[in-house]
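**Student:** Just a sequence and a predicted model for now, questions to come.
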Amino acid sequence: MESGNLVLEAAKIMVVGMTTVFCFLCFMIYFLKAQGWFLMRFFPQAKETAAEQGAKISSETLRKIALEAIREYTKTRG
């Protein structure tokens, strides 16, 4: 009969532990969402992002970059 009590105790500990972890993770999710809202509200990002800056590169410049990358690759690989 003692092994039955041990199984019940283990189940109780497991339920308490999993509930604690679940509650902590829910708290963490809501805290991070609130932190993101706060930061975006009081410290907004710059108007021009890195992706927008990359869009300003002309196709001719991209072609030159690609050709130079190919030259460097073939120089090192033979």
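**Tutor:** It's in.

**Student:** Check which helix or strand A10 maps to.
**Tutor:** Using DSSP states H and E, A10 sits in helix 2-42.

**Student:** The spatially most central residue of the chain: what's it in contact with?
**Tutor:** The centre of the chain sits closest to L32, judged by Cα atoms, centre = their mean, with a distance of 12.0 Å. L32 makes no contacts at all, as judged by Cβ atoms under 8 Å, 6 or more residues apart in numbering. Every C-beta, even on glycine, is put in place using the N, C-alpha and C of the backbone.

**Student:** Return the distance of it relative to F24.
**Tutor:** Separation of L32 from F24 (Cβ to Cβ, to the nearest Å): 12 Å.

**Student:** again with S58
**Tutor:** The gap separating S58 from F24 is 51 Å, by Cβ to Cβ.

**Student:** Could you do G4 as well?
**Tutor:** 31 Å.

**Student:** and V16, how far is that from F27?
**Tutor:** On the measure of Cβ to Cβ, V16 and F27 end up 16 Å apart.

**Student:** my bad, should have said R41
**Tutor:** For R41, the distance to F27 (Cβ to Cβ) stands at 21 Å.

**Student:** which residues does K75 contact?
**Tutor:** Residues counted as contacts of K75 (Cβ under 8 Å, 6+ apart): none.

**Student:** Just give me the neighbour total for W37.
**Tutor:** Around W37 sit 10 other residues, with neighbours defined as other Cβ atoms under 10 Å.

**Student:** Residue numbering should commence at 685 henceforth.
**Tutor:** Yes, from this point I'll number from 685; that puts the last item at W721.

**Student:** can you pull the pLDDT of it?
**Tutor:** Here, the pLDDT recorded for W721 equals 94.

**Student:** any idea how far it lies from I713?
**Tutor:** 13 Å.

**Student:** Point out where the protein drops to low pLDDT.
**Tutor:** Applying pLDDT under 70 to the chain flags the ranges 685, 730-739, 762.

**Student:** what do you get if the cut-off is 80, keeping everything else the same?
**Tutor:** Applying pLDDT under 80 to the chain flags the ranges 685-688, 729-741, 762.

**Student:** quick one: secondary structure of I741?
**Tutor:** Classification of I741 by DSSP: H, G, I helix; E, B strand; the rest coil places it in coil.
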